[in-house]
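# Could you look at this predicted model? Sequence included:
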Amino acid sequence: MILSFLIAKINDDRYNVYMRVLIIFNHPAPYKVNAFNELAKFVDLTVLFERTKAKDRPDSFYSSNDYQFNYIFLKDGYIGREGSISNNVKKYIKKLHHEYDVILMNGYSHLAELKAIKYMAKHNIKFGLLINGGVIKKESCFKRRYKTKYISKASFYLSPSKASNEYLRYYGAKKEIYNYPYCNIYAKEIIKPSIEERTFIRNKYHLPLDKNIFINASQFIERKNNVELLSLFKNREDHLVLVGDGPLKEKYQTYIKENKLENVHILPYLNKEDLFALYRSCDVHISLSKQDIFGHTILEALVCSLPVVASKNIVSALEYIKDDENGYVVDIKDIENIKECMSKSLKLSKDKARESIKDNTFEKSAESIYNILKGLYE
């Protein structure tokens with residue numbers, strides 16, 4: 001483990017406030033590990049991971065992780081896809097909370113997190129809620145009261161979007177909400193596409209050189225609504241590439257075969273470098289998801305110079321997509337409008353798409369979060 005404050009010492013004089021920060025997070029998703037690595041350049045960072053991996057993620061998903069901060073993995077209490085019922089989060093805070101200047105909770109839905117929040121509220125230990133996103137939806141009064149009870153206990157909030165701000169206020173956030181630029185890319189990954197790369201990648205994956213290609217990278221699950229997406233490519237000259245894996249893969253393959261969709265290609269899960277190269281060789285990113293509390297692929301596509309056609313149920317689309325500029329936000333029930341937006345998106349500027357997201361990098365996000373925490377600490 002690296003003592004991150006040593007890294008912070010060599011930074012610009014603007015970053016001269018030494019802080020010890022504890023973050024409680026569920027599992028080490030690679031994009032979050034990268035974000036924590038950047039934040040650790042400014043603060044002495046420790047991350048307590050509730051579990052080593054999500055249940056539905058292969059080991060390869062985590063293989064590129066390089067931890068440049070202090071980290072701890074809990075090894076018991078796993079439940080569900082990403083949850084934990086362990087008492088060890090609360091025990092850790094109880095024993096060592098005084099060693100940290102700032103405590104950030106990422107979650108509030110698993111029993112391990114609820115126990116920790118309840119303990120901190122009872123003992124007047126201040127903490128912030130660092131969220132990735134949030135969607136207000138119909139639910140029982142009991143569930144709303146339950147969420148409100150725990151979300152409202154935070155001393156401050158770090159939020160990635162206006163929609164997430166509304167979500168927090170809906171569930172009782174009365175303290176200050178600070179916005180930070182959400183991200184899952186490095187500045188060096190913002191690369192302008194080239195004709196040479198486009199040709200090479202299309203040949204590599206046996207994709208047509210002379211057709212417009214729409215791309216969607218996602219889990220093959222019901223929520224992503226990809227069968228509806230497939231249906232849009234019946235009797236259409238444009239091609240679609242689906243990248244990913246999941247329980248509905250066989251269903252997609254059957255649909256493609258039965259409907260003779262020779263213009264649809266399914267590719268397996270790709271690592272980030274290969275996926276970004278594929279993005280840059282395509283023309284438009286399209287996602288008709290029924291619900292995403294954020295939607296990382298929207299940012300990834302924009303970084304790779306792709307205009308985006310995206311469901312209004314994706315938080316990142318509402319935050320970052322501007323109609324007629326870098327894409328279109330659509331209602332997944334309005335099929336004719338989706339088709340119209342697909343055609344119009346092919347005429348949008350790739351340079352404008354890339355420029356629209358240039359500040360959403362790990363570097364910019366870490367700097368923003370540090371400045372927020374520094375202001376609170378001072």
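On my side now, so go ahead.
# Sticking with S64, tell me its helix or strand.
Under DSSP states H and E, no helix or strand contains S64.
# wait, Y171 sits on R144?
Yes - with contact defined as Cβ atoms under 8 Å, Y171 counts as touching R144 (7.3 Å). In this view, the C-beta of every residue, glycine as well, is placed from N, C-alpha and C.
# so what's Y255 closest to, chain neighbours aside?
Once flanking residues are discounted, Y255 sits nearest to L230: 5.6 Å by Cβ to Cβ, 6 or more residues apart in numbering.
# Ok, V309 next?
Spatial nearest neighbour of V309, chain neighbours left out: I286 (4.5 Å); criterion: Cβ to Cβ, 6+ apart.
# how close does the one you found get to L74?
Distance of I286 to L74, given as Cβ to Cβ, to the nearest Å: 38 Å.
# again, but for L207
Relative to L74, L207 is positioned 43 Å away (Cβ to Cβ).
# what does E197 give?
Using Cβ to Cβ, one gets 42 Å for the distance from E197 to L74.
# Neighbour count: the two, which is higher?
Each of E197 and L74 has its neighbours counted (other Cβ atoms under 10 Å); L74 has more, 19 against 14.
# one step back: buried ones in the helix or strand where the residue nearest to Y255 lies?
According to DSSP H and E, L230 maps onto helix 226-231. Under the neighbour-count criterion of 16 or more other Cβ atoms under 10 Å, helix 226-231 has 226, 229-230 buried.
# Neighbours of S161, how many?
23.
# so is the residue nearest to it when sequence neighbours are not counted in a helix, a strand, or just coil?
Of all residues not flanking S161 in the chain, E319 sits nearest, at 4.1 Å (Cβ to Cβ, 6+ apart). Here E319 takes the helix state, with states given by DSSP: H, G, I helix; E, B strand; the rest coil.
# wait, doesn't F233 sit right on K260?
No - with contact defined as Cβ under 8 Å, F233 and K260 do not form a contacting pair (10.9 Å).
# Please identify which of these two sits among more neighbours.
Between F233 and K260, counting by other Cβ under 10 Å, F233 is the more crowded of the two (19 against 9).
# Now the more buried one: closest residue in space that isn't a chain neighbour?
Counting by Cβ to Cβ, 6+ apart, the nearest residue to F233 once its immediate chain neighbours are dropped is L240, at 4.9 Å.
# For the one you found, grab phi and psi.
phi -130, psi 140 (degrees, to the nearest 10).
# residues near it, how many?
Per other Cβ under 10 Å, the neighbour tally for L240 reads 23.
# Could I get the contacting residues of it?
213-216, 229-230, 232-233, 263-265, 286 (Cβ atoms under 8 Å, 6 or more residues apart in numbering).
# So for the top helix by length along the chain, what gets flagged as buried?
Looking across the chain with DSSP state H, the single longest helix is helix 362-377. Across helix 362-377, burial judged by 16+ other Cβ under 10 Å covers 362-374, 376.
# Please name the nearest non-neighbouring residue to the residue nearest the centre of the chain.
Central residue of the chain (Cα atoms, centre = their mean): H296, 3.9 Å from the mean position. The shortest distance from H296 to any non-neighbouring residue, by Cβ to Cβ, 6+ apart, is to N184 (4.9 Å).
# my read: the one you found touches E300, true?
Yes - the pair formed by N184 and E300 meets the contact definition of Cβ under 8 Å, at 6.5 Å.
# and I72, which of the three is it?
Of the three states, I72 takes strand under three-state DSSP.
# ok, now which ones touch it?
By Cβ under 8 Å, 6+ apart, the contact list for I72 reads 46-49, 92.
# And the lowest mean pLDDT element among the helices and strands of the protein?
Between all helices and strands in the chain, the lowest mean by mean pLDDT, DSSP states H and E belongs to helix 4-9, at a mean of 39.
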